[in-house]
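Novice: compute the structure for the input listed below.
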Amino acid sequence: MAEASVQLAELIGQARSLVAFTGAGVSTESGIPDFRSPGGLWSRYRPVTFQEFLASHEARVSYWSRYLDMHPVFSGVQPNPGHYALAELERQGRLTAVITQNVDGLHQAAGSSEDKVIELHGRVDVTRCLDCGYTLRTNEVIERVQAGVEVPVCDRCGGWFKPATISFGQSLPAEALDRAIEVSTASDLFLAIGSSLTVHPAAALPGLALRHGARLVILNAMPTDYDQNAHLVIQGRSGSILADTIKHLGGSLTPH
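Specialist: Numbers count the residues shown, from 1 in each chain. Next up is the predicted model:
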């Protein structure tokens with residue numbers, strides 16, 4: 001893996017516009033499970049689609065009941081070396097943006113700037129009214145459900161509250177997707193980390209970057225469909241590999 005870190009450091013050193021794309025594999029090293037994997041939440045519970053949430057009181061009750069099971073997974077989690085490495089690349093002026101499929105906010109917790117992180121699937125720690133857009137911290141809303149409220153509603157307009165994450169059947173936020181497409185198209189090095197690259201439309205971004213002339217690096221525990229088109233493929237734990245890469249670039253993972 002040392003040789004791979006050297007190769008990655010060389011590619012990063014040559015890049016003028018580096019974009020990182022992160023998936024669940026980055027956050028599993030912080031203790032957050034990949035919900036789509038065997039044994040994950042979605043294998044134990046059939047997800048409530050966005051359309052079902054809108055159409056049925058029973059579906060909304062089921063959604064919030066299941067959310068009580070999922071919410072503790074995110075409590076107290078901390079960034080890992082992979083998150084800190086990307087924050088360090090930003091500090092060094094090498095990183096244009098982080099596009100993430102993750103909803104945990106760990107990139108920002110590690111020091112990545114809010115305006116550098118493009119969250120395609122939203123944030124788990126924010127709950128939003130579907131009617132007026134009013135937001136509360138998810139912890140506050142969870143307390144209401146724990147106290148017996150089956151379906152929490154907005155304090156201002158009475159609309160349904162829903163965590164500000166993207167559910168099955170729900171469109172990605174247009175502004176975030178448009179910005180992700182923009183930075184991917186303009187990149188000359190696209191680093192895909194911890195993603196199977198199968199969940200669309202986000203999975204199309206590496207191909208978009210390639211078609212516009214970027215080099216593609218894939219860092220993942222398992223093979224992906226893009227491996228044959230990548231300039232460099234590294235299989236392993238993203239945290240340790242990115243930490244070694246930062247050392248070769250003369251940086252450190254000390255939070256700033």
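Novice: C-alpha from now on. contacts and neighbour counts both.
Specialist: Noted.
Novice: how about residue 219, phi and psi?
Specialist: In this entry, residue 219 is assigned phi and psi values of phi -120, psi 110 (degrees, to the nearest 10).
Novice: next one: residue 163
Specialist: The phi/psi pair for residue 163 (degrees, to the nearest 10) is phi -50, psi 140.
Novice: does it really touch residue 124, like I thought?
Specialist: Yes - counting by C-alpha atoms under 8 Å, residue 124 is a contact partner of residue 163 at 6.1 Å.
Novice: next, show the common contact partners of those two.
Specialist: residue 138 (C-alpha atoms under 8 Å, 6 or more residues apart in numbering).
Novice: of these two, who's got more company?
Specialist: Between residue 163 and residue 124, residue 163 has the larger neighbour count (other C-alpha atoms under 10 Å), namely 23 against 20.
Novice: what's the closest residue to that one other than its chain neighbours in contact with, if anything?
Specialist: Take residue 163 and drop its neighbours on the chain: the residue closest to it by C-alpha to C-alpha, 6 or more residues apart in numbering is residue 127, 3.9 Å away. Listed by C-alpha under 8 Å, 6+ apart, the contact set of residue 127 reads 135-138, 141, 161-164.
Novice: which PyMOL command selects the buried ones in these?
Specialist: PyMOL command restricting these to the buried ones, with burial defined by 16 or more other C-alpha atoms under 10 Å:
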select buried, resi 135+136+138+141+161+162+163+164
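Novice: the contacts of residue 127: which two are farthest apart?
Specialist: Using C-alpha to C-alpha, those span at most 12.0 Å, a distance reached by 141 and 164.
Novice: which of the contacts of residue 127 fall in strands?
Specialist: Taking DSSP state E as the definition of strands, those contribute 135-137, 161-164.
Novice: helices of the stretch 1-150 of the chain, start to end?
Specialist: 2-14, 24-27, 41-44, 50-55, 57-70, 81-91, 106-109, 138-146 (DSSP state H, counting those that start in this stretch).
Novice: by contact count, what packs against the second one?
Specialist: Counting contacts by 3 or more C-alpha pairs under 8 Å, 6 or more residues apart in numbering; DSSP states H and E, the secondary-structure elements packed against helix 24-27 are helix 238-248.
Novice: and the helix it packs on, what does it pack against?
Specialist: Looks like helix 238-248 contacts helix 2-14, helix 24-27, helix 81-91 (3+ C-alpha pairs under 8 Å, 6+ apart).
Novice: and of those, who's closest to residue 185?
Specialist: Using C-alpha to C-alpha, these put helix 2-14 closest to residue 185, at 17.2 Å.
Novice: please save the CA atoms from that closest one in PDB.
Specialist: What follows is helix 2-14, C-alpha atoms only, in PDB (Å, rounded to 0.1, in the frame of the first residue of the first chain):
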ATOM      1  CA  ALA A   2       3.000   2.300   0.500                       C
ATOM      2  CA  GLU A   3       3.600   2.400  -3.300                       C
ATOM      3  CA  ALA A   4       0.000   3.200  -3.900                       C
ATOM      4  CA  SER A   5       0.100   6.100  -1.500                       C
ATOM      5  CA  VAL A   6       3.200   7.400  -3.400                       C
ATOM      6  CA  GLN A   7       1.400   7.100  -6.700                       C
ATOM      7  CA  LEU A   8      -1.700   8.900  -5.300                       C
ATOM      8  CA  ALA A   9       0.400  11.700  -3.800                       C
ATOM      9  CA  GLU A  10       2.100  12.200  -7.200                       C
ATOM     10  CA  LEU A  11      -1.200  12.500  -9.000                       C
ATOM     11  CA  ILE A  12      -2.500  14.900  -6.400                       C
ATOM     12  CA  GLY A  13       0.700  17.000  -6.700                       C
ATOM     13  CA  GLN A  14       0.100  17.300 -10.400                       C
END
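Novice: need the contact partners of it.
Specialist: 18, 94, 189, 217, 232, 234, 241-242, 244-246, 248-249.
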